[in-house]
Structure formats: C-alpha cells, structure tokens
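Colleague: have a look; sequence and predicted model below, questions after that.
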2 protein chains.
Amino acid sequence: MSEKQFVTQIADINDNFTQWYTDVVLKTELVDYGPVKGTMVIRPYGYAIWENIQKDMDARFKEAGSQNAYFPLLIPMSFFTKEAEHVEGFAPEVAVVTHAGGEKLEEPLAIRPTSETVIGTMYSKWIQSYRDLPVIMNQWCNVMRWEKTTRPFLRTSEFLWQEGHTVHASEDEAMEETIKMLNVYKDFMNETLALPVLCGRKTEKEKFAGAVATFGLEAMMRDGKSLQSGTSHYLGQNFSKAFDIKFLDKDSQLKHGYTTSWGTSTRMIGAIIMTHGDQRGLVLPPRVAPIQTIIIPIAAHKGGVIEKAKEIESVLIKAGVRAQTDVRDMSPGWKFNEWEMKGVPLRIEIGPRDIENNQVVLMRRDTLEKQTVSIDELATAIPALLDTIQKDMLKAAEVRRDAKIVEASSLDEILKGVEGQNFVKAGWCGCRECEDKVKETASATARVMCDEEGVPEVCAICGKPAKHKVIFARAY
Amino acid sequence: MSEKQFVTQIADINDNFTQWYTDVVLKTELVDYGPVKGTMVIRPYGYAIWENIQKDMDARFKEAGSQNAYFPLLIPMSFFTKEAEHVEGFAPEVAVVTHAGGEKLEEPLAIRPTSETVIGTMYSKWIQSYRDLPVIMNQWCNVMRWEKTTRPFLRTSEFLWQEGHTVHASEDEAMEETIKMLNVYKDFMNETLALPVLCGRKTEKEKFAGAVATFGLEAMMRDGKSLQSGTSHYLGQNFSKAFDIKFLDKDSQLKHGYTTSWGTSTRMIGAIIMTHGDQRGLVLPPRVAPIQTIIIPIAAHKGGVIEKAKEIESVLIKAGVRAQTDVRDMSPGWKFNEWEMKGVPLRIEIGPRDIENNQVVLMRRDTLEKQTVSIDELATAIPALLDTIQKDMLKAAEVRRDAKIVEASSLDEILKGVEGQNFVKAGWCGCRECEDKVKETASATARVMCDEEGVPEVCAICGKPAKHKVIFARAY
C-alpha cells in the first residue's frame, strides 16, 4: 500500500477536522464505541496513555500532600438537593438507579456525576477539630453525565477522571490550595502533555455548579477551538454548610470549613490528539507515548537484521525507553505509515547496510526529520532526543497558539476572530447579557478572564466601562 | 492511656472474631460505611494497601502478556439473557438504571456485576482472524452486586477489582491460560500477601455462572473459615457462542473462540486482615504495608532526637523503605499501640541513650520480638529484616493452616471438623445431593477439589464410590 493510499484513510485535517478526529481515534485503536449510546471503550493503546498520565499526575498529587481514597459510586438523590446551585447544574445529567437486587429501591440513587456531596457527607463525620485539617484527598474513578451529543474522550456519558476534595480552616488556605492545584495541573500539562494552557478565573456563567470561583485551564486545538482541560474550584463554605463540615477551632469555636475541588479527565487525551496531531495521524508527546521508539527492520529476511534490531531494543529498554521492534511480516513502508499514524515519537530503521556501518536511521514523528546515529550512541542519544522532542512539541504548540490569539474591540471583531479560528481577547463589562450576546452572535463563550494583562477601557459588546479582560472562543 | 486500656478498644479475637474484624477495619481507618446501605468508603490507609496490591499485580499481568483496557460500566439488560446460566447467576444481584438525563430509558441498563457480556460484544467486533489471537486484556474497575448482608471488603454492593478476559484459538490454549493465571494469582498471594492458598477446581454447584470450569484460591482465616480470594474460569465456547466471537482459522474455517476470565478484588484486603491479624490489630505484610517502618522518637523534647529520627527516615527512604517518623505530641506508649494496631511491620525506637550508643531498638510487629541494631547498619538491616518478616509471615500462616486441615470419612466427622474451625478433606461421590447435605448439616461448602492428593474410596456422605477428594469448609 502506498503512503498516499494509506493517508487517505484519514479525512483531511484542514477540510474536515471533525471527521479527521473520529478517523484518528478509531483507526489508531485508541477507543471504540460502547454498546450503550454515548459510551466509549478505551482500548489498550488509548488506556496505556491514560496509565502514563495517571502515574505522572499521581506522583505530583502525592508530592502536593494528597492521599488517594475511594468513595461510593452511588449517591442518594436527596444529597444533591442540599446545595441549591449544585442540584440545578447536575440533576438534569444524572443517571438514576431505581431497582436493585430484584426490588424497587426506597430512594433512587444517582451514579456520581462528581462526588462533592458524598465526600462532603463523609468529611462531616471524620472532621472534628482544627487538628484534623487540612484534609486533602483524591480519587481516580469513573463518573457519569448523561449527554445528548457525545464524542470519544471529549464528551461521553461515562468517563474516567480524578477528583480532589479538600477542607481547610480558613478562606485564605482554601484559596491557596485552589491555585496551588491549578498550577500542579498547569505544570503537568506543560511538561508531560506538551500542552500550552491559558489559566484563569471563569465567569459566573461558566463556573462549576456550587462553586464560589472556578479556575480553568484552556488549551487551543488545531481548529482554533478551546478545550477545557481541567478545573480547580474554590467552594467557600457552600458545601461545608450544606453537608455540615464543622471543626472546633483553636479558639474553641465551632466553625464551618472551607472546601475546594479539582479535576481532570480522559478528556486530556482528546486535547493531546487535537493539539499535536497532523495529517498522518497522532503525534504523541514522549512522556505519555505507550511506545516511545519503534524499531523497524529493513530487509528483515537477511541474516542478523532482526537480531540486531532486538539487541537495540534491549539496550533502549535498559536505558529506560519504551521501545519495541515490529517483526510482523509486512513491508517497511506499511509499518512506517502505521506507526506514524499511531504517533510514536521516534522511529529507528535498521537494515544490512546500516549494520555494516554500525548506524541506524532515526525519524522524529513531530518534525519528520531524519538523521543517522551510531549504534554505540543510542543508549544516550535516544533518551536525549525524546527529551528534545518533548520540549519542542510544547514550543511548537505555543507558537501555533500564540499566532491565533487576537484582540477585539467590538462584537463584530469577536465574531470575525472566532470565525478565523482564533482565541479572542476583549474587554467585558461583567454582565451576563453581553456574555449571552457573544454566544448568540459568535457561538463563542468566555473561556477564562485574564485581567492581569490589563483590563481594556470599554466592554467590546456594549461599550460600557469594562471590568474584565476575557478570552472568548468556541469550545468543545 | 495504658496498653491494656488501648487494647480493650478491640473486641477479643478469640471470643468474638466478627466484632474483632469490624473493630479493626474501622479503628485503623481502613474503611468506613458509605451512606448507601452495603457500600464502603476505602479510606487512605486502606486505599494505599490497594495501590500496593495493584502495582505488584499489574506488573505480573503485563509480564504474563496482558494489556489493560477500560469497558463501559453500563450494560444493556438484554446482554445478560444471551448466556442462560450467566443471567440466572447474576440477574438477581444487579443494580438497574432506568432513568437518565431526565428521561426514562428505552432499555434498562445494568451496572456491571462482571463484564463478560460487554467485553464479549466488543471482542466479536475486533476479532476476525487467527492472527488476532490470543486476545488478553484486563481491566481495573468497580463492579456492583446487590447483597443483603454486607461486610467491609468481604461483601459489599460495590467493590473494586480486576477482571481479565481472554480469547484463544483452541480449547488447550484457553485451559492453559486459565491455569497460568491461577498460578499468577497463587504466586502473588504467596509472595506479596504472605497468604497461603489452596488451589483447585470448584464443583458444578460452586462454579461461576456460565463457566465450564472454575478454579478457586481459598485462604484460611483465623477462625478456620475459608475466604475465596480469587477465581480463574475456563469458559469454553459458552460466551463465544452467545456473543458471536468468531475467527477465520488457518484452515479457512470460521470457528468460535475459547474464552477465559479471571478476577481478584478488594476482598483480598479482608484476607490479609483475617489471616495475619492478632489481638493488637492488623499485621500487614511488608510488601503491601503503606508504612513499612515507623520511627518513634523517645524523649522527643531532648535536643537532637527528632533530628536523628528524621535523618534515619531519610536514609531508609533512600534505601527504598516506606518509612515515616511520628512526631506528634503524644506519648511513645500511645504511639506504640496505635502503630501496632495499624499493623506496621517494623518499629524503630530512638531516644537520647540510643543516640549516644549509635543504635536503635527495633520491634517486629509479626513476632513482637525486639532487637538492637547499630544506626550505621540500618540501610541494609531494615530491608533485609522486612524480607525476613515477609517470608516468616507466610510460613507462620502455613503452619497455622496446616494444623487445621483434617480428614473425615463421615458426615458427622465433617460436621465435627468444621465446628472445630478446620478445613475438612473428604471423599465425595460427585452428586449434588451429598453436597447439599453437607451444607444443611454443617453449614459448609465444597471449597475446591484436590483429587491430585488421591481420591478416597468412598464418599464420606453417602458411602457410594468417591469420584473426588474435596475440601469442605465454612466460608465468607
């Protein structure tokens, strides 16, 4: 099969980005559709990315003082009504268990869409004194939010995520934790996913149901749309009052704690695909790539080629590289295409002539550049090159994004900006009507506020004095 | 608080084993009860054990050729009816989602009690040719089985587990996989949980709903009852026919595959508690203990004691030991009791006089033996001692168990055997009636068959010729 024929299996990334995404996630065997509408199966190649994400992120959480725990999947429906905004936000999306063990349940149970309510209930039982604070726990689990329109990784009825839930003695401490975890996420996305993210506070309209303030991490996809890749919420005393999380303070007063929550999900895999992918398919950052280096024997039938390839594989594995040799009975060209589509960061080609010259040909997936390297140097050259690729991918994504951030001073300019597949920065008066108008006119939403850059004088929508600088964009 | 006072917080292990278990799991903060009846919250100390189990087991699975994946939580109810025995076994325990997104669903959905049906459906889509086989996948997830009587770790409506699902081209290969994974479990339980287990085939009555043959791993608890700690099922073509898992074989014939499944769960934590625990509380095997060595400063207010303790902690952490210093403002005696209850394998006591002598006092949790060790030797002595404890705990549990395995040649002897808190080996004719009679008379079930030891001449229950040798026991 020629490369051209092979590539045509994936829709054109510029003509039809939506179809390109679907083709890529299915053909690289990251996911498949589950039998129930809106569900996905995460196949081994996709799940291995998630495992790498979990391992890296989990170490960062523990470093930040968090402990893992596990709370029940099922939550009594009545729990949701305890926090007024929370129930309004989540009740419409909930999947409900009404029968179990052959009987109708006395009270219907929700499959968790998020766990503030059940974790809050347990915290109220466990926390007595200021000595018990702060409480910082995280859980890795599945959650369910019933959605009308779904797409693998981006929006599915069930998804995998982590949710951190903390309790603090003071407002300041809780706000500090909220920002600290926002930065843990930001560092992780930069360093491990090579994902540049814009961080900032969300508007009232866009914040989490029940939060005092939500901070989001927004990444720009290849089509100029934004993907919310994580959120960190300062919940004030909303949940501690609703769930009675109280502690006896040093001054012998009984006080409500201040809580936070923060989460990221398998959605991040969607962000990786749509930030780094190209016409040939996936481009995976080395740190999360299930296979970091694929070794392709050339003229594999010739004596010694497969042996040498396997020898190099061993050397690389010993050097800490996730390396694999493709010994299948297929042409090298076919294998090149397949592993490029699957986004493996580095390819090693090795044939009889290379062995004679004690060298291999390397190809970088991100730049498609080739180079020749001595076999003796591979154990140091490959890890170094993987590091370089990791850093270069972040830089390249930053350059692409920064070229597509524009400023606007009218609704019309906001419309033109998002139609040109840009993030649009504009002054905003702070009122909901102007935010709604942007949504109606440009199908764009306020992603995050970036007041620290300096707030423009007037609102781009209504012309009244601006209170904030906002990034508007179309979003997944 | 004196040790006596402290110990009385836990029920007597000999007088009331059931209460002892409940006291231990709650007071050591392994778990708490969830708000929905029959659910549990796994608290950080308990979850850290599960994380250690997962990490060790997962590496063994990957070594055995398995890849992780994730399949949906919700399964259409109609899937269960496709395999006749399977639906009969699981339908009564299923929790059912009938409403979602504010609407009644067209078809009710089951929360997975196990995933043969949904994974089988996906396999039938993915598998085309003999080249695609074997398929060996595992998932770590939550499952739900609605139970009337529940106890933390042992039987809860929701629990965490792993389930492996494989497809093979031949009966032999599938049976080989079934036994291979049984042995992976056995090695893991021996080496990592210090748990001696009796492995063997289950009777028809006790096998998995839908299996051709189930192999179980049975561990003896302190009260002589058996805890099924894992199972490996040979499913033949039952599920491949029900879910249409077919492949084009080398001979160009379309054939049904042969499948297996195998699982272990958070139940194993219950097995650890009830195998190794004693009057003072938990005794954790070093390999899964969240804290392997607790360092207690004596006369901590004296200059240099806490500093030295922290220095030792660093040395041990560098040597790969999960070490922690207890610097809380409590008496050493109080701390001794608490960490003994929590089952930390090794305790280091260090006070001013020890520092003068360049030594520490060590106490082993399993034997309660004390010894003095030079501070300079700790980096090698502690890891070595943890290895010794790990091995000694397995040996001690084996000795305890083997002393409580008896042979019986009549129903009356079976009854006496189990009443004496033993495992009872007896000949069995193979008929269901005799099995039921043991259940009625002695409240014991056939745990596994051990024909390889030599089958007795007659059935201990009916006196007819015996076909099998069976281990009868009361079970959790």
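Modeller: Structure's in. What do you need? Numbers count the residues shown, from 1 in each chain, chains lettered A, B, ... in the order given.
Colleague: please enumerate the helices of the stretch 51-200 of chain A.
Modeller: In the stretch 51-200 of chain A, the helices defined using DSSP state H, counting those that start in this stretch lie at A:77-80, A:84-90, A:116-126, A:171-191.
Colleague: run the chain-centre distance for the last one.
Modeller: Computed by CA atoms, centre = their mean, to the nearest Å, the separation of helix A:171-191 from the middle of its chain amounts to 15 Å.
Colleague: need the contact partners of that helix.
Modeller: With CB atoms under 8 Å, 6 or more residues apart in numbering or on different chains as the test, helix A:171-191 has contacts from A:56-57, A:60-61, A:64, A:134, A:136, A:164, A:166-168, A:195-197, A:199, A:213, A:215, A:217, A:219, A:229-230, A:232-236, A:258-260, A:262, A:264, A:268, A:271, A:287, A:390, A:394. Backbone N, C-alpha and C define where each C-beta goes, glycine included.
Colleague: related to what we said a few turns ago, using CSV, please lay out the helices of the stretch 51-200 of chain A together with distance to A:K250, mean neighbour count and mean pLDDT.
Modeller: As requested, the helices of the stretch 51-200 of chain A are exported to CSV (distance: least, CB to CB, whole Å; neighbours: other CB atoms under 10 Å in any protein chain shown; pLDDT from 0 to 100):
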stretch, distance to A:K250, mean neighbour count, mean pLDDT
helix A:77-80, 31, 19, 93
helix A:84-90, 31, 17, 86
helix A:116-126, 19, 23, 98
helix A:171-191, 14, 19, 98
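Colleague: so which residues of the stretch 301-450 of chain A form helices?
Modeller: A:305-318, A:332-341, A:352-356, A:378-402, A:411-419, A:432-442.
Colleague: so for the nearest residue to A:M393 once chain neighbours are set aside, what's the pLDDT?
Modeller: The shortest distance from A:M393 to any non-neighbouring residue, by CB to CB, 6 or more residues apart in numbering or on different chains, is to A:A194 (3.9 Å). pLDDT for A:A194: 98.
Colleague: okay, and which of the contacts of helix A:171-191 map to strands?
Modeller: Residues of these located in strands (DSSP state E): A:136, A:164, A:166-168, A:199, A:213, A:215, A:217, A:219, A:229-230, A:232-236, A:258-260, A:262, A:264.
Colleague: distance check, A:G200 against A:A213.
Modeller: Distance of A:G200 to A:A213, computed by CB to CB, to the nearest Å: 11 Å.
Colleague: if any of the contacts of helix A:171-191 are buried, put those into a PyMOL selection.
Modeller: In PyMOL, this line selects whichever of these come out buried by 16 or more other CB atoms under 10 Å in any protein chain shown:
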select buried, chain A and resi 57+60+61+134+136+164+166+167+168+195+196+197+199+213+215+217+219+229+230+232+233+234+235+236+258+259+260+262+264+268+271+287+390+394
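Colleague: kindly identify which of the contacts of helix A:171-191 also come near chain B.
Modeller: Checked against chain B using CB under 8 Å from any CB of the partner chain, the contacts of helix A:171-191 yield no neighbours at all.
Colleague: residues contacting the residue of the stretch 201-350 of chain A found nearest chain B?
Modeller: Nearest residue of the stretch 201-350 of chain A to chain B, counting by CB to the nearest CB: A:T266, 8.7 Å away. For A:T266, the contact set (CB under 8 Å, 6+ apart) comprises A:I42, A:W50, A:F153, A:F159, A:L160, A:W161.
Colleague: give me the neighbour count for the residue of the stretch 151-300 of chain A found nearest chain B.
Modeller: Here the residue of the stretch 151-300 of chain A nearest chain B is A:E158; by CB to the nearest CB that distance is 5.4 Å. Residues near A:E158, counting by other CB atoms under 10 Å in any protein chain shown, number 22.
Colleague: with adjacent residues omitted, what lies nearest to it?
Modeller: A:M144 (4.9 Å).
Colleague: next one: A:I269
Modeller: Closest to A:I269 by CB to CB, 6+ apart is A:F153, at 4.9 Å.
Colleague: and A:P108, how many neighbours?
Modeller: 18.
Colleague: quick one: contacts for it?
Modeller: A:M77, A:V96, A:V97, A:T98, B:H99.
Colleague: give me the below-cutoff pLDDT ranges for chain A.
Modeller: In the predicted model, chain A carries pLDDT under 70 at residues A:1-8.
Colleague: quick one: closest of the helices of the stretch 301-450 of chain A to B:I348.
Modeller: helix A:305-318 (35.5 Å; CB to CB).
Colleague: sorry, back to before: just confirm the residue nearest to A:M393 contacts A:A397, I think it does.
Modeller: Yes: between A:A194 and A:A397 there is a contact under CB atoms under 8 Å: 6.3 Å.
Colleague: compare those two (neighbour count), which wins?
Modeller: Using other CB under 10 Å, the more surrounded residue of A:A194 and A:A397 is A:A194, with 27 against 22.
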